[in-house]
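[1] Here is my input, please return the structure:
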Amino acid sequence: MIFPYWHYDMPTVPFVFMRHGETEANRTGTIAGSTDVPLNTTGAEQARAAAPLLANWRWRAVFASPQQRARNTAELAMPGWVPKLLPGLRERHWGDLEGRPVTEICPRFETPPAGEPFNDMCKRVCDTLNIALADHDETQGMTLVVGHSGVMRCILHLTGFAADGPRIMNATPFKFTPTDGRWHYEQLGQPDNNSDQETG
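    Residues are numbered from 1 along each chain as shown. Next comes the predicted model:
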């Protein structure tokens, strides 16, 4: 059973989420998950291309997954900032499926063999967002969170949207805003040379 979004205590403040740039695992259609793979050349270019999009906003803090593909994306997309690394933003552990072709991935809401249940991941993502957004003050700027496709799917679930929709593009920022008791989200732009592979 997948817990409904109201089971979780999401902070009700706006923030921006961005997935990391492309990796070789994305390019080849391989499940990366908790494996700490780096950005490839295209991924680094995507992260740099996101910088002009993000430069249009005033920021109070930048948080990232400690996995290098997310951490390096944050560093390249936000020059001059040192992202604060939060372990709760790590990608889902896909257990025995890591390193396998993405075509072998199990249904999203099932627990992969020796892997992390979706409910557990949503709880840690929710707990982590509460930490990241605890001191939110919109007069000081927006909060950027850089993570993974699985984290984005948890955020979609936590904010009442379908978590099993279309693929999430690399290095593309989305703004989440709570308004009148409901969440809204919008894509802020998309860098060039984007990948459509969703493998962590």
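[2] any chance you could map the helices in the protein?
    24-28, 41-54, 68-77, 118-132, 149-158 (DSSP state H).
[3] Remind me what the fourth one packs against, helices and strands.
    Contacts of helix 118-132 with other secondary structure elements, assessed using 3 or more CB pairs under 8 Å, 6 or more residues apart in numbering; DSSP states H and E, are made with strand 142-147, helix 149-158. Every C-beta, even on glycine, is put in place using the N, C-alpha and C of the backbone.
[4] now those in a markdown table, with mean neighbour count, distance to Ala77 and mean pLDDT?
    Compiled in a markdown table, the helices and strands packed on helix 118-132 are given as follows (neighbours: other CB atoms under 10 Å; distance: least, CB to CB, whole Å; pLDDT from 0 to 100):
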| stretch | mean neighbour count | distance to Ala77 | mean pLDDT |
| --- | --- | --- | --- |
| strand 142-147 | 26 | 7 | 98 |
| helix 149-158 | 24 | 16 | 97 |
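[5] a markdown table for these, including distance to Ile168?
    A markdown table is the format used below for these (distance: least, CB to CB, whole Å):
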| stretch | distance to Ile168 |
| --- | --- |
| strand 142-147 | 10 |
| helix 149-158 | 5 |
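[6] Count the neighbours of the closest residue to Tyr5 other than its chain neighbours for me.
    In this structure, Tyr5 finds its nearest non-sequential neighbour in Gly160, 4.8 Å apart by CB to CB, 6 or more residues apart in numbering. When neighbours are counted by other CB atoms under 10 Å, Gly160 registers 12.
[7] among the helices of the chain, which is nearest Thr35?
    helix 24-28 (7.6 Å; CB to CB).
[8] buried stuff in that closest one?
    Buried residues in helix 24-28, defined by neighbour count with 16 or more other CB atoms under 10 Å: 24-26.
[9] pretty sure the residue nearest to Tyr5 is touching Arg182, no?
    Yes - counting by CB atoms under 8 Å, Gly160 does reach Arg182; the two are 7.0 Å apart.
[10] ok now do the residue lying closest to Phe15 once chain neighbours are set aside, which residues does it touch?
    Spatial nearest neighbour of Phe15, chain neighbours left out: Thr143 (4.5 Å); criterion: CB to CB, 6+ apart. Residues in contact with Thr143 (CB atoms under 8 Å, 6 or more residues apart in numbering) are 13, 15-16, 59-63, 132-133, 136.
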